[in-house]
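>>> What would the 3D arrangement of this be:
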Amino acid sequence: MLNPNSAIERVKNHLAYKLGQTVIDFTNSSSGGGYIALFKKLYKIKKQHKKQQKIYQQTIQVFPQLKYPSLEACSDYEQALRYKFHLSYMLGEVLIKAYQTWYTGGGFKLKNNIKKANKEFQIFREIFKEFDQINSSILEGLIDNKQLFLKEFSRIKNILKIHQDYKAILDNIFHNFNYFIQNFDLIEEWLLSDDFKERYKKENHPYPSLLDPKKLNDKNEKINYHNIPAELAWEMNLPLPDNYEFVWLGGHAMGCAALNLFFQRCNVNVKWCGYLNGFDRFVFNYHLLVSNSSSYNALQIFEYRTFTNKFEEEKFFSSFSSKKKILISYKDPFTMIKTILNANIVKSEYYIQDKKLNASNITKNTIDILQRYKRKYNKYNIKDFDPYLLQHQILIQEFLLKYFKNSKKYFLDMNDIQPENAFITLEKLATYFNFTKPSILDKQFYQEKKSLATTFLLHYFPLILDFDEFEIEINAKELNYSKKDDISDLFFKKKIYIDNHQIHFYINKNLDFDKKLYIKIKKIILQLIYIIKKYINLNQPLCEKDILHYLSLDKKYRDIYLKIINYNLTTLKQHRPDIVASWKYYQEFEKMCKELDE
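I've put the predicted structure just below:
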């Protein structure tokens, strides 16, 4: 009885296999009867098979739960596919074709087609014997493109023989065998080229491209980056499209968000891809480059913790060109640690969502909102922070640089993008990387603080001041996306700042303020500003000195921080020791370690 869960049994039950096996048995048999007996037997098998199929179809109409699972769902699916390359199956296919074309001369071709099937069987047997990479996807590709494969067999065999000692390209070929066969002429030219030999084979590159990157970057080529899906590009080890100018390596808590805004202001198309793994990060970059073919593009990497799969990590970094320049951002490690600790502002037990303030009771309403948030870390619980998080999200440059050893590098101290230096720094970067220089008319933009990551304002705003008849929205300039009218200049001649961030006031409709209402609104706004400033001053963030003091008292953690920080500064100390020497708090830490641990 047929086992429906066995793909092998079901393939052997195919009409082609049964017919072919009967012919083989007849050829090997010494029993009499001649060809007439054989044809009778073949006819009987065909008739019986048709009957079985009819019964099966009728059965599953009444009992659909008895329908066989797909062949692909069977555990022996891969082994079963090989049976389609058995001589039995291939002879059976010839017989079926002869029967279907009998009245158009199919019978006259039968003898030659049987000889052809025998020859093709020998070819496939040779391939299966010589290459152990044959898997189900390759077998499916051979089945779908059998005649194309056989037509180009001698050339395909030549390619496989030439690269028999280069396992990485053989793996790539067999992994994408369907595509390899369908685009053989193009791939053959590339795999036989001197460029492929020098770029990949000579150095035994672990991720050789299946297609010529130069041609892929040419829109006039039939096959190019614009008609290859990103997912397929990843599978074929294609490098990223070439239309990016530099790669930016950095980390969190060092001002990269601000520099990102500055780059965009200078027409540099650069986007943070989020916390993605190797494959998803490749797809993101691929789409960014393909969809911005005429832009000045740059790629950025600010995370290392997302690379949880070593294979994906190495493959992702292999997609970059060593000819591209590298921008590497650094900052005093203790300023970065301070930032990451202070950015941990959490909801308190008083938290509720509403941020509307009743203007008639501004003091109580404002304090209620301010108390909804608190800082997770203070000078008494710094020990609760896990320092090993630093080497996955913040101090990651050294981990990333190992993949860009041969690239030309620009080391940037992120202190140079502070408001007083940002404009000049962008001019220098524009000259080095050849992008649009910042406009002198836009200088104020570069002199404004950009990030609210460590301030309570990020969580407080926007606030809505409710006057019953109308509402005023209060927000930091950096956070505002409102389409309401800005009325800040109506109430204040000078700009209002809280925690070094400019504050604006918005209203959703035009109002005529009489003097009495104007004085009332301004008084309430000033009262609100005073309360917020006072609360922030009473809840000051950590400073670098607090972190250094904690480490001076704890040798175990001092050693951990020292090891993590110094490893990440290995390359920077070799190439730009002046940057390291300029960091006040790192220098204090090194001095402290020497004095305490001597």
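>>> what is the mean pLDDT for the longest helix seen in the chain?
In the chain, with assignment by DSSP state H, the single longest helix is helix 34-62. Here helix 34-62 scores 85 as its mean pLDDT.
>>> How far off centre is it?
Centroid separation for helix 34-62 versus its chain: 53 Å, with C-alpha atoms, centre = their mean, to the nearest Å.
>>> Next, count neighbours for Lys379.
Neighbourhood size, Lys379 [other C-beta atoms under 10 Å]: 12. Backbone N, C-alpha and C define where each C-beta goes, glycine included.
>>> er, Ile181 actually
By other C-beta under 10 Å, the residues close to Ile181 number 21.
>>> Dihedrals phi and psi, it?
phi -70, psi -40 (degrees, to the nearest 10).
>>> Do I have it right that it meets Phe149?
Yes. Taking contacts as C-beta atoms under 8 Å, Ile181 lies within contact range of Phe149: 5.4 Å.
>>> Which neighbours do those two have in common?
Counting by C-beta atoms under 8 Å, 6 or more residues apart in numbering, the contacts common to Ile181 and Phe149 are 142, 156.
>>> picking that back up, give the buried residues for the longest helix of the chain.
When burial is assessed from 16 or more other C-beta atoms under 10 Å, helix 34-62 yields the following buried residues: 38, 41-42, 45-46, 49.
>>> With stretch 125-143 instead?
Buried residues in stretch 125-143, defined by neighbour count with 16+ other C-beta under 10 Å: 127, 134, 138-142.
>>> contact partners of that stretch?
Stretch 125-143 is contacted from outside by 77-78, 81-82, 84-85, 124, 149, 160, 170-171, 174-175, 177-178, 180-181, using C-beta under 8 Å, 6+ apart.
>>> now do 6 Å
78, 81, 149, 174, 177-178 (C-beta atoms under 6 Å, 6 or more residues apart in numbering).
>>> Pretty sure Pro90 sits against Gln122.
Rather than Pro, residue 90 is Met. No. Taking contacts as C-beta atoms under 6 Å, Met90 lies outside contact range of Gln122: 10.5 Å.
>>> Who has more neighbours out of those two?
Neighbour count, other C-beta under 10 Å: between Met90 and Gln122, Met90 has more, with 21 against 11.
>>> got a pLDDT number for that one?
Predicted confidence (pLDDT) for Met90: 86.
>>> re earlier: filter the buried residues of stretch 125-143 down to the ones in helices?
127, 138-142.
>>> about what we covered before: helices and strands around the longest helix of the chain, which ones?
helix 15-28 (3 or more C-beta pairs under 6 Å, 6 or more residues apart in numbering; DSSP states H and E).
>>> Mind exporting the C-alpha coordinates of the helix it packs on to PDB?
Extracted in PDB, the C-alpha atoms of helix 15-28 (Å, rounded to 0.1, in the frame of the first residue of the first chain):
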ATOM      1  CA  LEU A  15       3.300   6.900 -14.400                       C
ATOM      2  CA  ALA A  16       6.600   7.800 -15.900                       C
ATOM      3  CA  TYR A  17       8.600   5.900 -13.300                       C
ATOM      4  CA  LYS A  18       6.400   2.800 -13.600                       C
ATOM      5  CA  LEU A  19       6.500   2.800 -17.400                       C
ATOM      6  CA  GLY A  20      10.300   3.200 -17.500                       C
ATOM      7  CA  GLN A  21      10.900   0.600 -14.900                       C
ATOM      8  CA  THR A  22       8.900  -1.900 -16.900                       C
ATOM      9  CA  VAL A  23      11.000  -1.200 -20.000                       C
ATOM     10  CA  ILE A  24      14.200  -1.700 -18.000                       C
ATOM     11  CA  ASP A  25      12.800  -5.000 -16.500                       C
ATOM     12  CA  PHE A  26      11.900  -6.200 -19.900                       C
ATOM     13  CA  THR A  27      15.400  -5.400 -21.300                       C
ATOM     14  CA  ASN A  28      17.100  -7.200 -18.500                       C
END
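>>> Nothing else from me, thank you.
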